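# Sequence first, predicted coordinates after that:
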Amino acid sequence: MSEVEPRTQSLVPLQLTGALTYASVYIFGFAIPAAFGVPPGEVGILAIPFAGPWMCMVGACRNPRGFEVGLAIDGVLQVGGLAMLILGSVLQVDIQPPEVAVLPWGGADTVGVFAAHSF
């Protein structure tokens with residue numbers, strides 16, 4: 001039996017999870033100010049990916065009390081989504097081809113083959 005070179009593949013589930021986390025939190029970040037009654041024109045700074053929530057927290061946009069917690073969560077989750085996306089792209093996993101063994105099988109009245117598969 002010939003040896004097959006293992007293939008490598010990026011971590012696609014981690015990439016997808018990171019992209020979906022980042023995108024959903026980025027979009028949700030615009031709903032936080034609306035929930036606190038901030039006029040849409042005053043929160044344009046939130047359109048800056050990753051830095052927008054932090055800049056808004058330090059005074060780049062007017063924010064009422066309690067708004068800072070939502071912005072901090074938004075900023076942390078944006079960075080986490082980006083980290084998952086990057087790690088999913090950079091890290092590689094080996095993909096081994098499955099091994100299948102075909103063996104004779106039989107008894108007094110039967111004859112056949114048995115296939116065993118290992119992952």
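Perfect, thanks for sending it.
# So what touches the least confident helix or strand in the chain by mean pLDDT?
Comparing every helix and strand of the chain by mean pLDDT, DSSP states H and E singles out helix 31-35 as the least confident one, with a mean of 74. Helix 31-35 is contacted from outside by 40, 42-43, 46, 61, 63, 67, 70-71, 74, using C-beta atoms under 8 Å, 6 or more residues apart in numbering. (C-beta placed from N, C-alpha, C; glycine too.)
# Skip ahead from the lengthiest helix in the chain and say which helix or strand is next.
Across the chain, the helix with the greatest residue count (assigned by DSSP state H) is helix 67-90. For helix 67-90, the succeeding helix or strand toward the C-terminus, using DSSP states H and E, is strand 92-95.
# residue furthest from the geometric center of the protein?
residue 108 (55.3 Å; C-alpha atoms, centre = their mean).
# Could you look up the SS state of it?
coil (DSSP: H, G, I helix; E, B strand; the rest coil).
# Distance from the chain centre to stretch 83-99, please.
Stretch 83-99 sits 13 Å away from the centroid of its parent chain (C-alpha atoms, centre = their mean, to the nearest Å).
# pLDDT averaged over that stretch - what is it?
In this model, stretch 83-99 has an average pLDDT of 85.
# re earlier: would you turn the contacts of helix 31-35 into JSON lines with distance to residue 95 and neighbour count?
Below are the contacts of helix 31-35 laid out as JSON lines (distance: C-beta to C-beta, whole Å; neighbours: other C-beta atoms under 10 Å):
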{"residue": "40", "distance to residue 95": "47", "neighbour count": "9"}
{"residue": "42", "distance to residue 95": "50", "neighbour count": "14"}
{"residue": "43", "distance to residue 95": "45", "neighbour count": "23"}
{"residue": "46", "distance to residue 95": "40", "neighbour count": "23"}
{"residue": "61", "distance to residue 95": "47", "neighbour count": "20"}
{"residue": "63", "distance to residue 95": "48", "neighbour count": "20"}
{"residue": "67", "distance to residue 95": "46", "neighbour count": "20"}
{"residue": "70", "distance to residue 95": "41", "neighbour count": "19"}
{"residue": "71", "distance to residue 95": "41", "neighbour count": "23"}
{"residue": "74", "distance to residue 95": "36", "neighbour count": "24"}
